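Engineer: curious how this folds, go ahead:
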Amino acid sequence: MNPNPKKASGIRIWSVKISDYYDSMVLLQSYLRADELERAGNFKFERLAHHFIITRGLLRLILGCEFNVHPADVQIDYGPYGKPFAMKATGSFHYFNVSHTSDHAVFVVCDHHEVGVDIEQPDQTILSAQRMFVSEKEQAALDALSHQQQIVQTGRLWVCKEALVKAIGCGLRTDLTGINVHFDANGVSHFDGDGIDSPDTWMPQLISPAVSRLSPAVLCAVVTNSKGQTPVKHQLMPSLPSLKSAVPPAPVTNSGGLS
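Structural biologist: Numbering: from 1, shown residues only. Below is the predicted model of the structure:
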């Protein structure tokens with residue numbers, strides 16, 4: 001099942017354009033379990049349901065390759081704050097995360113450390129949300145920038161902090177305004193502040209478009225509890241057969257399932 005028997009160490013990252021997998025939705029949907037199909041059916045808009053089916057199916061494909069099992073046999077459960085983890089025969093496997101924005105999705109897996117990932121395509125609307133996650137120290141630095149620079153830098157702060165709470169598994173219950181993100185001259189970043197316990201144990205890394213394979217307009221950050229930078233390597237998604245001639249994807253309803 002594993003197409004990459006010489007698995008890379010450190011953080012592995014897969015990136016996809018979700019719409020590229022519309023033709024494979026029937027196959028990806030077949031990987032999902034009943035509760036996942038029910039969740040897809042609860043989306044108000046069909047496009048969001050289809051994006052969930054594709055990203056969850058691709059996640060199962062990746063984890064199936066990691067565990068060397070069929071994607072449908074990967075057991076995905078959730079922690080007390082909703083952070084997903086996958087079960088394998090030797091115990092629990094916590095170290096993966098997923099993020100998506102618009103038509104882009106990224107998946108990360110790390111062997112030895114908790115990991116969170118976030119991607120965002122920021123525009124000027126992100127500035128109106130600054131008070132929710134920007135610290136006073138960060139705001140003072142932002143005020144010295146041009147309007148366009150503020151958009152980009154605010155986006156960088158957001159993806160680092162969102163990846164942090166996803167890595168910890170606490171969701172947005174953390175006061176993000178009590179956390180500072182610092183970037184040195186080489187682009188290396190770190191956290192400090194009283195909004196997080198032991199901030200020096202969590203390492204934020206902005207991922208370049210060359211590694212993430214995302215559009216330069218899409219910002220990407222990963223956070224691990226590695227106390228230092230962890231090598232990040234892009235991985236190729238296993239190819240899936242085209243299903244253009246197959247039965248179209250099942251329409252999504254709001255009845256709690258797929259019809």
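Engineer: which residues in the stretch 51-200 of the chain form strands?
Structural biologist: Remark: strands assigned in the stretch 51-200 of the chain by DSSP state E, counting those that start in this stretch are 75-78, 84-88, 91-93, 96-101, 104-110, 115-120, 180-183, 189-192.
Engineer: mean pLDDT, distance to residue 34 and mean neighbour count for those strands - can I get that in JSON lines?
Structural biologist: C-beta: built from backbone N, CA, C; applies to glycine. Compiled in JSON lines, the strands of the stretch 51-200 of the chain are given as follows (pLDDT from 0 to 100; distance: least, CB to CB, whole Å; neighbours: other CB atoms under 10 Å):
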{"stretch": "strand 75-78", "mean pLDDT": "84", "distance to residue 34": "12", "mean neighbour count": "13"}
{"stretch": "strand 84-88", "mean pLDDT": "78", "distance to residue 34": "16", "mean neighbour count": "16"}
{"stretch": "strand 91-93", "mean pLDDT": "62", "distance to residue 34": "21", "mean neighbour count": "12"}
{"stretch": "strand 96-101", "mean pLDDT": "94", "distance to residue 34": "20", "mean neighbour count": "20"}
{"stretch": "strand 104-110", "mean pLDDT": "95", "distance to residue 34": "23", "mean neighbour count": "24"}
{"stretch": "strand 115-120", "mean pLDDT": "96", "distance to residue 34": "27", "mean neighbour count": "25"}
{"stretch": "strand 180-183", "mean pLDDT": "90", "distance to residue 34": "40", "mean neighbour count": "19"}
{"stretch": "strand 189-192", "mean pLDDT": "87", "distance to residue 34": "39", "mean neighbour count": "18"}
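Engineer: I'd like to know which of the ones you listed is closest to residue 223.
Structural biologist: With CB to CB as the criterion, residue 223 lies closest to strand 115-120 of the strands of the stretch 51-200 of the chain, at 4.8 Å.
Engineer: hmm, back to that, for residue 23, find the nearest of the strands of the stretch 51-200 of the chain.
Structural biologist: strand 104-110 (16.2 Å).
Engineer: against residue 36, how distant is residue 75?
Structural biologist: Distance from residue 75 to residue 36, counting by CB to CB, to the nearest Å: 12 Å.
Engineer: just to revisit the earlier point, in JSON lines, list the strands of the stretch 51-200 of the chain along with distance to residue 50.
Structural biologist: Formatted as JSON lines, those follow (distance: least, CB to CB, whole Å):
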{"stretch": "strand 75-78", "distance to residue 50": "19"}
{"stretch": "strand 84-88", "distance to residue 50": "20"}
{"stretch": "strand 91-93", "distance to residue 50": "27"}
{"stretch": "strand 96-101", "distance to residue 50": "12"}
{"stretch": "strand 104-110", "distance to residue 50": "12"}
{"stretch": "strand 115-120", "distance to residue 50": "19"}
{"stretch": "strand 180-183", "distance to residue 50": "34"}
{"stretch": "strand 189-192", "distance to residue 50": "35"}
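Engineer: looking at the ones you listed, which is nearest to residue 170?
Structural biologist: Closest of the strands of the stretch 51-200 of the chain to residue 170 is strand 115-120, at 10.3 Å (criterion: CB to CB).
Engineer: which other helices and strands contact the closest one?
Structural biologist: strand 96-101, strand 104-110, helix 147-168, strand 219-224 (3 or more CB pairs under 8 Å, 6 or more residues apart in numbering; DSSP states H and E).
Engineer: who does it pair up with?
Structural biologist: Paired strands of strand 115-120, with direction, are strand 219-224 (antiparallel) (DSSP bridges).
Engineer: residues touching the partner strand, excluding its own?
Structural biologist: 11, 13, 97, 99, 106, 108, 110, 113-122, 152, 155-156, 158-160, 162-164, 166-167, 202-207, 212, 214, 230, 232 (CB atoms under 8 Å, 6 or more residues apart in numbering).
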